[in-house]
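Participant: Prediction below, plus the sequence it came from.
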Amino acid sequence: MKHSDWLRLQSEGDSICANLRQQGYQCRKQTRRLSWKLTKEGQDDYMLTWLPAPISDWSLVPNNTSPTRTQLWQLIERIINQIRGQLESIPARHHSQAEDYSRPWAIIRLLPDARRYTVARFRNRQDAEDHKRFLNRYIPAVEFEILFDVPNELTPIDEVKPS
C-alpha cells in the first residue's frame, strides 16, 4: 500500500470516528493499523477495520446480525458516502506523480503482463541494495529488481547544440 493511500484511509477513519463521537460512541485508534475500537455504553464493542486488497473496503467486526451492529454499519456507510462525495467534488490537481530522475537507482516490483511498479528511488546503488534486502525480508512473496533508470529523452539542458 502506498503511503499516500495509508494517509487518505487514516484520515477517512478519523473522520468516521469524529462523526461517531457526535453520536455518543467512543473511538480508540489501534496502533500501526487502520483499525478503530468503537464502544458505546450498554452495547457490544466493535472494531472498524480497513481490509486490504483484494477486499479493499471497511469492515465492522464482529460480523453478527444484531440490530445494534446493523444500525451502526448503516451509520458508518452513510458517513463514508458523505466523505467520499466531498472528495469527488474536489478536482484532482495531478493524476500521476512525475518520476524523480535525480535518483536514478530504482527498485521495481515486477507485475504480470510485463508491467512494473517503481517502489523507491535512490541516489546510489548500495542504498537500493539495502532497501531491497529489507523488502525481501518482510515481503518474501513479491519479486523486486534494481535497475538504473534514466529518462529516454534528453532535457533541453542536456541537448548538444551545434557550433
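Facilitator: Nice, thanks for sending it over.

Participant: Can you read off the backbone torsions of the residue lying closest to Glu143 once chain neighbours are set aside?
Facilitator: Spatial nearest neighbour of Glu143, excluding adjacent residues (CB to CB, 6 or more residues apart in numbering): Leu110 at 4.8 Å. For glycine as for every other residue, the C-beta is placed from the backbone atoms N, C-alpha and C. With angles defined as degrees, to the nearest 10, Leu110 sits at phi -80, psi 130.

Participant: Go through the lowest-mean-pLDDT helix or strand in the chain and flag the buried ones.
Facilitator: For the chain, the helix or strand with the lowest mean confidence is helix 67-89, at a mean of 83 (criterion: mean pLDDT, DSSP states H and E). Residues of helix 67-89 classed as buried: 69, 72-73, 76, 79-80, 83 (neighbour count, 16 or more other CB atoms under 10 Å).

Participant: Which strands and helices lie in contact with it?
Facilitator: helix 3-22, strand 46-51, strand 57-61 (3 or more CB pairs under 8 Å, 6 or more residues apart in numbering; DSSP states H and E).

Participant: Show me the contact partners of that helix.
Facilitator: 12, 15-16, 19-20, 23, 38, 43-44, 46, 48, 58, 60, 62-63 (CB atoms under 8 Å, 6 or more residues apart in numbering).

Participant: try it again with 10 Å
Facilitator: Applying CB atoms under 10 Å, 6 or more residues apart in numbering, the set of residues contacting helix 67-89 from outside is 8, 11-13, 15-20, 23, 25, 38, 40, 42-44, 46, 48, 57-64, 66.

Participant: Now restrict those to buried residues only.
Facilitator: The neighbour-count criterion (16+ other CB under 10 Å) marks 12-13, 16-17, 19-20, 25, 38, 46, 48, 58, 60 among the contacts of helix 67-89 as buried.

Participant: could you measure Cys17 against Lys37, distance?
Facilitator: Cys17 sits at a distance of 10 Å from Lys37 (criterion: CB to CB, to the nearest Å).

Participant: Identify the bridge partners of Met47.
Facilitator: Using DSSP bridges, the beta-bridge partners of Met47 come out as Lys37, Val61.

Participant: what about it, distance to Ser59?
Facilitator: 8 Å.

Participant: do Trp50 as well
Facilitator: From Trp50 across to Ser59, the span is 8 Å (CB to CB).

Participant: where do the contact lists of the two overlap?
Facilitator: Residues touching both Trp50 and Ser59 (CB under 10 Å, 6+ apart): Ser35.
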